[in-house]
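[1] what follows is a predicted structure for the sequence shown.
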Amino acid sequence: MEAIRTNTDTAGRSVHPDLRGWLRWLAATDRLAVARKGLSLIDELAAVAKKLENERAVLFPSPGQHSIPVVANLFADRGWIADSLGVPTGELLSRFQNAVRHPLPWVEVMAAPVQDIVHHKVDLLAQLPIPKHNEHDSGPYITAALLIARNPKTGIQNVSIHRCQVSGPDRIGVLLLPRHTLHYFRMAEEAGEALEIALVIGVHPACILASQAIAALDVDEMEIAGALLGQPVEMVKCRTNRVRVPAYAEIVIEGRILPKVREPEGPFGEFPQYYGPRADREVIQVDAIAHRKNPIFHTIVGGGVEHLLLGGIPREATLLDHLQRSFPSVRDVRLTRGGTCRYHLAVKIDKASQGEPKNIIMGAFGGHYDLKQVVVVDMDVNIDDESEIEWAIATRFQADRDLVIVSGAQGSKLDPSSNNGISAKMGIDATKPLSTEPMEFKRIHVKGVENVDLGQALQDDPKAAFARIIAG
């Protein structure tokens with residue numbers, strides 16, 4: 001639990017896990033860059049973040065002359081996400097699985113740092129440093145906010161992330177895909193009521209990860225976040241509605257999704273690396289903004305590494321759990337970076353019988369409708385290396401024998417190759433036959449390569465050594 005334990009104040013006292021604790025840990029481990037002051041919120045900030053997305057998080061002081069700094073690139077790879085939870089990378093999925101199985105209820109507090117300052121007169125772009133990210137985005141977008149909504153009948157909360165376009169001083173266009181928030185909104189709209197919501201910006205990484213869990217309706221993802229953290233998340237009631245929000249968040253935008261109102265939203269750069277189209281979407285009426293003293297605004301560059309990883313890892317944990325319930329031979333899964341961490345899944349198995357990989361393929365397609373390609377590989381294939389997956393396909397797969405194709409299935413509406421979300425699925429069995437000659441599929445290996453110490457094997461000054469050899 002190292003990364004979480006480092007979340008202390010200047011006097012060394014333990015405090016509730018929050019974004020600031022994670023940023024302190026990134027700074028202490030040389031993974032946080034600080035940009036020069038005054039970079040533009042329009043394109044320039046996102047360009048710097050994009051340039052560093054595989055290397056370091058970036059803090060932007062005074063962007064666009066705003067007093068509130070912006071942070072991006074909280075995660076550059078899987079290891080960072082594991083680090084934020086205090087576990088080794090290899091235990092990341094099991095940690096998430098355990099949190100989903102054993103959620104920890106949050107606790108309500110009466111006062112919270114996130115409500116140190118409250119604005120009832122709202123002007124979003126004047127009060128918050130909201131960037132424009134990709135070239136053809138329709139304007140500034142809030143991209144890293146947890147949208148917390150209440151079931152209008154039971155009060156149970158749902159947590160998710162949606163793209164939120166600033167369309168007026170107190171108005172936000174929001175894309176609601178066919179998931180739990182949209183279900184709650186339709187319940188409210190059918191009753192002629194607005195849906196009370198809050199947009200929560202700047203939280204501990206565990207809260208962001210939990211928001212992406214593929215959980216059942218009326219499972220509160222903040223309880224999953226508590227299990228990830230190993231302690232209950234402290235929550236506080238909003239000032240203008242009944243939604244409860246993380247007490248140690250940086251910023252909360254309180255509002256309502258209006259019934260019978262739709263306004264243009266988009267285009268916006270999405271995870272498939274294309275623009276989601278412009279269309280009439282639901283609308284949030286903002287009633288108040290609350291924030292900590294000296295808050296920090298978190299943004300995610302649409303379609304960037306942070307966007308892909310944050311969506312991919314919770315899906316991997318859910319898919320692994322789903323497959324292992326029916327197929328004990330399944331050992332691990334990866335949603336590949338090249339498949340946008342959504343569409344292409346690699347499954348590692350300890351193969352027990354012929355035909356089993358095809359059953360696993362069909363089971364995977366039932367695990368999440370976004371999947372359009374599943375590759376099943378053996379235990380000797382490193383599924384963190386996409387070249388190894390391709391190698392397994394190249395040397396262990398025959399299309400007339402090992403290919404599974406499903407037409408006309410539900411897929412992602414954000415996949416531009418689909419027909420409004422109607423998509424084909426492809427499964428590839430790239431495993432070895434169980435019965436083969438001993439050397440037929442034996443991988444080549446250079447004996448001793450694991451034990452080579454290059455410091456001992458190589459000379460310190462190669463130029464001088466080369467000159468001596470040439471000179472004889």
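    Arrived safely.
[2] got the end-to-end distance for stretch 34-41?
    Using C-alpha to C-alpha, to the nearest Å, one end of stretch 34-41 lies 15 Å from the other.
[3] what comes into contact with it?
    45, 48, 58-66, 70, 129-132, 140 (C-beta atoms under 8 Å, 6 or more residues apart in numbering). Backbone N, C-alpha and C define where each C-beta goes, glycine included.
[4] could I get the average pLDDT for it?
    The average pLDDT for stretch 34-41 rounds to 95.
[5] distance from the chain centre to that stretch, please.
    Remark: stretch 34-41 is offset 25 Å from the chain centroid, using C-alpha atoms, centre = their mean, to the nearest Å.
[6] so for I313, what's the pLDDT?
    90.
[7] nearest residue to the middle of this structure?
    Central residue of the chain (C-alpha atoms, centre = their mean): L310, 1.1 Å from the mean position.
[8] isn't that one right next to I300, touching?
    Yes: the pair L310 / I300 is scored as a contact, 7.4 Å apart, by C-beta atoms under 8 Å.
[9] which ones among the contacts of stretch 34-41 map onto strands?
    58-60, 70 (DSSP state E).
[10] now render the residues you listed as a markdown table, adding pLDDT.
    A markdown table is the format used below for the ones in strands among the contacts of stretch 34-41 (pLDDT from 0 to 100):
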| residue | pLDDT |
| --- | --- |
| V58 | 96 |
| L59 | 96 |
| F60 | 96 |
| V70 | 97 |
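[11] returning to what we had before: any idea how far the residue nearest to the centre of the chain is from S412?
    As defined by C-beta to C-beta, to the nearest Å, L310 lies at a distance of 17 Å from S412.
[12] related to what we said a few turns ago, now list the buried members of the ones in strands among the contacts of stretch 34-41.
    The neighbour-count test (16 or more other C-beta atoms under 10 Å) marks 58-60, 70 as buried among those.
[13] which among those residues gets closest to E196?
    Ranked by distance to E196 (C-beta to C-beta), these are led by V70 at 27.3 Å.
[14] quick check: bridge partners of that closest one?
    When bridges are called by DSSP bridges, V70 pairs up with F60, F297.
[15] next one: V333
    Counting by DSSP bridges, the residues bridging with V333 are V347.
[16] which strands and helices sit next to the top helix by length along the chain?
    For the chain, the longest helix by residue count, based on DSSP state H, is helix 305-326. Identification of packing neighbours for helix 305-326 by 3 or more C-beta pairs under 8 Å, 6 or more residues apart in numbering; DSSP states H and E yields helix 78-85, helix 92-101, helix 205-211, strand 330-335, helix 356-367.
[17] quick one, it and strand 330-335 angle?
    Angle of helix 305-326 versus strand 330-335, following axes from the mean of the first three to the mean of the last three C-alpha atoms, to 10 degrees, is 150 degrees.
[18] what residues of helix 305-326 count as buried?
    Buried positions in helix 305-326, judged by neighbour count with 16+ other C-beta under 10 Å: 305-323.
[19] for stretch 421-431, same thing?
    423, 425-431.
[20] how far does stretch 168-180 stretch from start to finish?
    End-to-end distance of stretch 168-180 (C-alpha to C-alpha): 26 Å.
[21] model confidence over that stretch, on average?
    Here stretch 168-180 scores 93 as its mean pLDDT.
[22] show me the contact partners of it.
    Identification of contacts with stretch 168-180 by C-beta under 8 Å, 6+ apart yields 122-126, 142, 147, 149, 158, 160, 162-167, 182, 185, 199, 217-218, 253, 255, 257, 263-266, 268, 276, 281-287, 413.
[23] in contact with P103, which residues?
    219-220, 223-224, 226-227.
[24] apply 6 Å and report the result again.
    By C-beta atoms under 6 Å, 6 or more residues apart in numbering, P103 lies in contact with 223-224, 227.
[25] over to Q165?
    Counting by C-beta under 6 Å, 6+ apart, Q165 has contacts 141, 173, 265.
[26] dump those into a markdown table; add neighbour count and distance to R95 as well.
    As requested, the contacts of Q165 are exported to a markdown table (neighbours: other C-beta atoms under 10 Å; distance: C-beta to C-beta, whole Å):
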| residue | neighbour count | distance to R95 |
| --- | --- | --- |
| Y141 | 26 | 31 |
| G173 | 26 | 35 |
| E265 | 25 | 35 |
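[27] ok so, going back, ChimeraX command for the buried members of the contacts of stretch 34-41?
    Buried residues within these, by 16+ other C-beta under 10 Å, are selected in ChimeraX with:
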select :45,48,58,59,60,62,63,64,66,70,129,130,131,132,140
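[28] can you show me the helices along the stretch 1-150 of the chain?
    2-5, 19-28, 44-51, 78-85, 92-101, 124-127 (DSSP state H, counting those that start in this stretch).
[29] ok, back up a step: okay if I get the contacts of Q165 as a markdown table plus distance to V374?
    Output for these, formatted as a markdown table (distance: C-beta to C-beta, whole Å):
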| residue | distance to V374 |
| --- | --- |
| Y141 | 32 |
| G173 | 35 |
| E265 | 33 |
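[30] tell me, how many neighbours does L371 end up with?
    26 (other C-beta atoms under 10 Å).
[31] next, show the common contact partners of L310 and I300.
    Counting by C-beta under 6 Å, 6+ apart, nothing touches both L310 and I300.
[32] just give me the neighbour total for L104.
    18.
[33] check contacts around the nearest residue to it once chain neighbours are set aside.
    In space, and not counting its chain neighbours, L104 is closest to G226: 3.5 Å by C-beta to C-beta, 6 or more residues apart in numbering. Applying C-beta under 6 Å, 6+ apart to G226 gives the contacts 104, 106, 232-233.
[34] helix or strand: which one has G226?
    Per DSSP states H and E, G226 falls inside helix 221-229.
[35] show me the shaky parts of the protein.
    Along the chain, segments meeting pLDDT under 70 span 1-15.
[36] now with 50, please.
    1-3, 5-6, 9-14 (pLDDT under 50).
[37] on that earlier part again, dump the helices and strands packed on helix 305-326 to JSON lines, plus mean neighbour count and distance to T29.
    As requested, the helices and strands packed on helix 305-326 are exported to JSON lines (neighbours: other C-beta atoms under 10 Å; distance: least, C-beta to C-beta, whole Å):
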{"stretch": "helix 78-85", "mean neighbour count": "21", "distance to T29": "8"}
{"stretch": "helix 92-101", "mean neighbour count": "19", "distance to T29": "18"}
{"stretch": "helix 205-211", "mean neighbour count": "27", "distance to T29": "14"}
{"stretch": "strand 330-335", "mean neighbour count": "22", "distance to T29": "25"}
{"stretch": "helix 356-367", "mean neighbour count": "19", "distance to T29": "35"}
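[38] out of those, which comes closest to A465?
    helix 78-85 (36.0 Å).
[39] and that closest one with helix 305-326, angle?
    Using the same axes, to 10 degrees: helix 78-85 against helix 305-326 is 80 degrees.
[40] now helix 78-85 - C-alpha only, PDB.
    Extracted in PDB, the C-alpha atoms of helix 78-85 (Å, rounded to 0.1, in the frame of the first residue of the first chain):
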ATOM      1  CA  ARG A  78      -0.400   0.000 -16.100                       C
ATOM      2  CA  GLY A  79       2.300   0.200 -13.500                       C
ATOM      3  CA  TRP A  80       1.300   3.700 -12.500                       C
ATOM      4  CA  ILE A  81      -2.300   2.500 -11.900                       C
ATOM      5  CA  ALA A  82      -1.100  -0.400  -9.800                       C
ATOM      6  CA  ASP A  83       1.200   2.000  -7.900                       C
ATOM      7  CA  SER A  84      -1.700   4.300  -7.100                       C
ATOM      8  CA  LEU A  85      -3.400   1.300  -5.300                       C
END
